[in-house]
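**Q** got a predicted structure here, sequence first:
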Amino acid sequence: MDHAARIEQTIQGIYDTFNNPQQHPVEAGLGYIDSWIDALDGLGGSALTGLQGELRNLRGHVERDDRVGIAASLQLLGQETSRMAHDLHSFTDGTGDQLRHLGQTLVTAAGNLKMS
């Protein structure tokens with residue numbers, strides 16, 4: 001799966017989870033997280049290594065059903081993703097725009113968790 005499709009699938013998965021939480025088991029969320037950890041593996045760079053580390057933190061929070069921890073991780077991931085999107089703005093393939101949308105979605109998801 002290419003990164004554009006993975007980004008879109010992740011965004012849709014986040015929306016689906018918040019709109020229909022009873023239909024999205026923890027295992028599905030862990031699968032998304034693992035997929036991103038694997039996708040970033042070996043790409044290098046301290047920013048991507050940091051994202052992988054935070055994804056692993058998020059995975060642990062999801063396994064423990066630690067909603068405060070999940071919200072904090074989603075917030076950090078959203079902010080970092082948005083920062084990376086800003087750096088990719090000049091790409092014509094739309095990757096920067098997709099990452100910006102993902103970043104906003106992650107921050108919104110964090111806010112929704114904090115409010116629930």
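**A** Done, it's in. What you see is a predicted model, and the numbers here were worked out from it, not measured in a lab.
**Q** tell me both backbone torsions, phi and psi, for residue 42.
**A** Dihedral pair for residue 42: phi 80, psi 0, per degrees, to the nearest 10.
**Q** what's the next secondary structure element after the worst-scoring helix or strand of the chain on mean pLDDT?
**A** In the chain, no helix or strand scores lower on mean pLDDT, DSSP states H and E than helix 3-19, which sits at a mean of 77. Next along the chain after helix 3-19, taking DSSP states H and E as the criterion, comes helix 26-40.
**Q** report the distance from that next one to the chain centre.
**A** Distance of helix 26-40 from its chain centroid, counting by C-alpha atoms, centre = their mean, to the nearest Å, is 9 Å.
**Q** mind showing which ranges of this protein have poor pLDDT?
**A** 1-3, 21, 44, 88-93 (pLDDT under 70).
**Q** cutoff 80 now
**A** 1-7, 11, 13-28, 42-48, 85-96, 116 (pLDDT under 80).
**Q** using PDB, write down the CA coordinates of stretch 108-116.
**A** Below are the C-alpha coordinates for stretch 108-116, written out as PDB (Å, rounded to 0.1, in the frame of the first residue of the first chain):
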ATOM      1  CA  THR A 108      -9.200  16.600  16.700                       C
ATOM      2  CA  ALA A 109      -9.300  13.000  17.800                       C
ATOM      3  CA  ALA A 110      -7.200  13.900  20.900                       C
ATOM      4  CA  GLY A 111      -9.600  16.700  21.700                       C
ATOM      5  CA  ASN A 112     -12.600  14.400  21.300                       C
ATOM      6  CA  LEU A 113     -11.100  12.000  23.700                       C
ATOM      7  CA  LYS A 114     -10.300  14.700  26.200                       C
ATOM      8  CA  MET A 115     -14.000  15.800  26.100                       C
ATOM      9  CA  SER A 116     -15.500  12.400  26.500                       C
END
